[in-house]
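K.L.:
Build me a structure from this.
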Amino acid sequence: MKNFLSFFFLVTFLSCQFDEQEIVVDKNPIQNLNKIKYAKGFTITQHENYKLLTLTNAWVGEKTSFKYVLYNHEKPTGIENAVFIKTPIKSIACMSLTHVAFIEKLGLENSIIALSGCDYVSSTTINKRIANDFIFEIGQEKSINYEKLIDQHPDVIMGFGIDASSKSNINKMKSLGLEIVLNAEYMETHPLGKAEWIKFVAAFYNEDKQADVIFNKIEKEYLGLLKLTQKVTEKPTVFTGMPWGGIWYVPGSESFQVQFFKDAGVQYLWMDNKERSSIIKSKEIIIDEAFDADYWLNQNSYRDINSIVGFDKKFKNFKATKEKNLYNNDNRLNSSLGNDYWESGVINPHIILKDLIQIFHPNLIDHQLYYYRRLK
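P.N.:
Alright, predicted model coming up:
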């Protein structure tokens, strides 16, 4: 549920103090360990005695590259400005639930010993481990339980940053003698690019080959669905969201959400921009421009048509409302309103695409909606 957690504490740390022998290494890579096809934010290169993970797009506007040197035996030397991690790791704490989804997909959920946002977890397996006290709550923002984290000493604590303030958090953690590892899958603009971060996570466990197998299967299914929609000649129109304080945030044309729409064979209303994040429109402009749109998706926390129309009676005159073509990605909410779309959805782009094709072009596939549901 990254979009929720991103308003809270956005940093992680990695604590790895080892008395290892050091070796001087050849800085020239032997090979790219995993061919990165879609993700733009990281690379993995294999050297003789270590792997080098380079994070190149940590958050919007950040130019610094973050380097992580993963080694099995002797700690390499001669590499500057890098975090050194002995692998495979045995335990991890996660600051985002998307990290949980990657780890669980790898079958390594027993390595998770701490989370930020336990109440919002959708995974049945992880919830059982939380209930049995195998996973503790890290806390959020200024309520991080540093004492327990240090006491439990996970091999890796993984998280993310979103702006320059994240760097101050990183420096703060360093001042405490703690290293920081960032995961920036949320920055990707292609659904398969997000899913490909399973390779980044798997590298810490030395499960690179397994990650390749998993991702290739996801990619194959996604591309197979894409072939279906490429034959579509009639493409319905779609818009998303609900107003907040008179402002309506809609996805930019270069965002992962709009990529989903393109791949699902629909026309998104606002393609006249190059934004990767949200763009801002007034409610009045949306009412004018989206009045005749065929579909209305992702209404945030609104659970039914009556509550949407109750917000503004003008919404009942939308074509999408009249034809009851309103769908929300909240089909898998837990009791604390944790949304699995923002948890496991990151590693299941093929299922999200199936949902969208079922909504927009039900004649192409026979699929029961998983993340989405039709509002009543």
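
K.L.:
can you map out the helices along this protein?
P.N.:
All helices of the chain, identified by DSSP state H, fall at 2-5, 97-105, 124-131, 146-152, 165-175, 191-195, 198-203, 208-229, 256-263, 283-289, 305-311, 319-322, 349-360.

K.L.:
what about these, which gets the closest to residue 59?
P.N.:
Comparison of the helices of the chain against residue 59 by C-beta to C-beta identifies helix 165-175 as nearest, at 6.3 Å. C-betas here are computed from N, CA, C, even on glycine.

K.L.:
Okay, buried residues for that closest one please.
P.N.:
Buried residues in helix 165-175, defined by neighbour count with 16 or more other C-beta atoms under 10 Å: 166, 167, 169, 170, 173.

K.L.:
from the middle of its chain, how far away would it be?
P.N.:
Relative to its chain's centre, helix 165-175 lies at 22 Å (C-alpha atoms, centre = their mean, to the nearest Å).

K.L.:
what pLDDT, on average, does it get?
P.N.:
Averaging pLDDT along helix 165-175 yields 73.

K.L.:
Show me the domain layout of the chain.
P.N.:
Domain assignment for the chain by automatic domain parsing gives 2-208, 220-374.

K.L.:
Pull up the gap between the residue nearest to residue 292 when sequence neighbours are not counted and residue 149, please.
P.N.:
Leaving out its chain neighbours, the residue that sits closest to residue 292 by C-beta to C-beta, 6 or more residues apart in numbering is residue 319, at 5.0 Å. Here the criterion is C-beta to C-beta, to the nearest Å. By it, residue 319 lies 52 Å from residue 149.

K.L.:
Output the below-cut-off pLDDT ranges for this structure.
P.N.:
1-34, 141, 173, 177-179 (pLDDT under 70).

K.L.:
cutoff 50 now
P.N.:
1-21, 23-24 (pLDDT under 50).

K.L.:
wait, what's in contact with the residue lying closest to residue 320 once chain neighbours are set aside?
P.N.:
In this structure, residue 320 finds its nearest non-sequential neighbour in residue 296, 3.9 Å apart by C-beta to C-beta, 6+ apart. For residue 296, the contacting residues are 238, 239, 240, 290, 318, 320, 321, 325, 326, 327, by C-beta atoms under 8 Å, 6 or more residues apart in numbering.

K.L.:
Filter those residues down to the ones in strands?
P.N.:
The strands, defined by DSSP state E, take in 238, 239, 240, 326, 327 from these.

K.L.:
about what we covered before: so residue 319 and residue 149 - more neighbours on which side?
P.N.:
Using other C-beta atoms under 10 Å as the criterion, residue 319 and residue 149 rank with residue 149 on top: 20 against 15.

K.L.:
Based on its surroundings, how many neighbours for the residue nearest to residue 308 when sequence neighbours are not counted?
P.N.:
Leaving aside its chain neighbours, residue 308 sits nearest to residue 302 (5.0 Å; criterion: C-beta to C-beta, 6+ apart). Each residue near residue 302 was counted by other C-beta under 10 Å, and the total is 18.

K.L.:
do you know how far residue 302 is from residue 238?
P.N.:
Going from residue 302 to residue 238 by C-beta to C-beta gives 17 Å.

K.L.:
pretty sure residue 325 is touching residue 290, no?
P.N.:
No: using C-beta atoms under 8 Å, residue 325 makes no contact with residue 290, being 12.0 Å away.

K.L.:
Before I go, just wanted to say thanks for your time.
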